[in-house]
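Undergrad: Task: produce atomic coordinates for the following.
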Amino acid sequence: MTDQPDRLPEAPSLERALVELRRVIVGQEHLVERLLVAVVARGHCLLEGPPGLAKTLAVRTLADTTGGSFARVQFTPDLLPADIVGTRIYRSSVESFDVELGPVFANFVLADEINRAPAKVQSALLEVMAEHQVTIGGATHHVPEPFLVLATQNPIESEGVYALPEAQRDRFLMKVLVDYPSPAEEVEIVRRMGVSAPRAAQVLDPQTVLELQQRADAVIVDPGVVDYAVNLVLATRDPVSMGLAELDGMIEYGASPRATIGLVRAGRAMALLRGRDYAVPQDVFDIAPDVLRHRMVLSYEALATDLGVETILHRILSTVPAPIVSPTTQDPGRP
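TA: Reported below is the predicted structural model:
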């Protein structure tokens with residue numbers, strides 16, 4: 001690792017946002033950091049964990065901290081596409097149609113229990129996530145910027161659940177696993193939430209968030225870091241070529257080039273969050289599990305031997321060598 005340079009002027013803004021998130025969310029450091037990375041990297045985020053772990057609260061607090069508009073959609077089996085994107089309503093008094101925009105027209109859209117909605121609703125959300133726009137009655141309506149979809153899903157229930165299609169999973173920059181708090185953290189949760197729950201203060205605004213996103217685009221990425229990201233993704237497609245012969249036949253489908261782009265984008269955001277204007281291999285290493293875990297389809301052989309995605313990712317990250325990059329070797333050009 002390299003010596004820490006002078007911190008960027010953007011770092012205090014992001015640090016204040018982290019402090020406000022931590023005032024409300026006890027523990028869950030990984031979740032809090034990844035939410036800010038998603039905001040800065042312009043990436044949608046999928047949160048998975050048992051109920052009651054503050055997933056919904058974390059997204060609402062993120063909206064409070066950044067000053068963006070917030071909308072929550074509770075996905076159910078009887079939900080229709082028009083319920084989330086909007087529809088045309090006939091006004092008999094003026095004998096014409098008006099467009100009623102849906103709840104997706106907000107800066108932060110919480111798709112709660114997204115895996116409970118049928119495929120046609122999930123597909124309707126896909127256009128919004130990919131294009132940042134909705135087509136209603138032949139007219140195109142753009143969502144406000146910044147725009148993020150943060151979806152939650154409960155992994156412990158199977159009834160009334162529709163698995164997300166691969167195309168939609170790939171649209172999420174990250175899939176973050178949310179786990180139970182430690183005993184000490186749970187004591188603090190009871191103390192902090194037992195009487196009057198704290199509320200995060202606004203420390204950013206939508207315009208500042210857009211400027212942070214542009215600043216992240218300017219973070220320098222050394223060609224060696226790009227090669228490292230490419231090799232990590234290649235290891236999910238052809239593990240043998242990366243020295244992982246034990247994973248041969250275990251991965252049915254590996255990550256797409258969108259994963260490589262996501263790794264570099266998230267690495268840039270992570271570097272900015274850590275106060276640097278250049279990315280290092282450690283940034284990509286730290287964010288790789290969240291970017292890759294939902295993009296891999298395991299083979300029947302892997303499932304039969306109880307070889308999980310997390311185990312495979314651990315082997316990939318521990319085998320693929322990371323380059324040594326210092327600030328003096330950073331290429332001033334963009335990769």
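
Undergrad: Roughly how far does G67 sit from V209?
TA: Separation of G67 from V209 (CB to CB, to the nearest Å): 8 Å. C-beta: built from backbone N, CA, C; applies to glycine.

Undergrad: What segments of this protein are strands?
TA: 44-48, 70-74, 86-91, 96-101, 108-112, 133-136, 139-142, 148-153, 172-177, 220-221, 251-253, 278-279, 297-298 (DSSP state E).

Undergrad: would CSV of those with mean neighbour count be doable?
TA: As requested, those are exported to CSV (neighbours: other CB atoms under 10 Å):
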stretch, mean neighbour count
strand 44-48, 23
strand 70-74, 17
strand 86-91, 13
strand 96-101, 12
strand 108-112, 25
strand 133-136, 16
strand 139-142, 12
strand 148-153, 25
strand 172-177, 23
strand 220-221, 21
strand 251-253, 17
strand 278-279, 25
strand 297-298, 16
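
Undergrad: among the ones you listed, which is nearest E33?
TA: Among the strands of the chain, strand 172-177 comes nearest to E33, with 9.5 Å by CB to CB.

Undergrad: For the residue nearest to the spatial centre of the chain, give me its contacts.
TA: With distances taken as CA atoms, centre = their mean, C45 lies nearest the centre of the chain, 2.5 Å away. Taking CB atoms under 8 Å, 6 or more residues apart in numbering as the criterion, C45 is in contact with R34, L35, A38, L148, V149, L150, A151, F172, L173, M174, K175, V176.

Undergrad: Out of the residues you listed, the closest to L303 would be?
TA: K175 (18.3 Å).

Undergrad: If you tally nearby residues, what's the number for the residue lying closest to that closest one once chain neighbours are set aside?
TA: The shortest distance from K175 to any non-neighbouring residue, by CB to CB, 6 or more residues apart in numbering, is to H294 (3.8 Å). H294: 22 surrounding residues under other CB atoms under 10 Å.

Undergrad: Could you do the one 5 residues further on as well?
TA: A count of nearby residues for S299, using other CB under 10 Å, gives 15.

Undergrad: Can you tell me the closest non-neighbouring residue to it?
TA: In space, S299 is closest to E252, 4.5 Å off (CB to CB, 6+ apart).

Undergrad: hang on, that neighbour packs against V297?
TA: Yes - the criterion here is CB atoms under 8 Å, and E252 meets it with V297 at 4.5 Å.

Undergrad: What pLDDT is listed against the residue nearest to the centre of the chain?
TA: The confidence metric pLDDT takes the value 95 at C45.

Undergrad: Now do the contacts for the residue lying closest to it once chain neighbours are set aside.
TA: Residue nearest to C45 in three dimensions, not counting chain neighbours: A38, with 4.2 Å by CB to CB, 6+ apart. For A38, the contact set (CB under 8 Å, 6+ apart) comprises H44, C45, L148, L150, L173, M174, A269.
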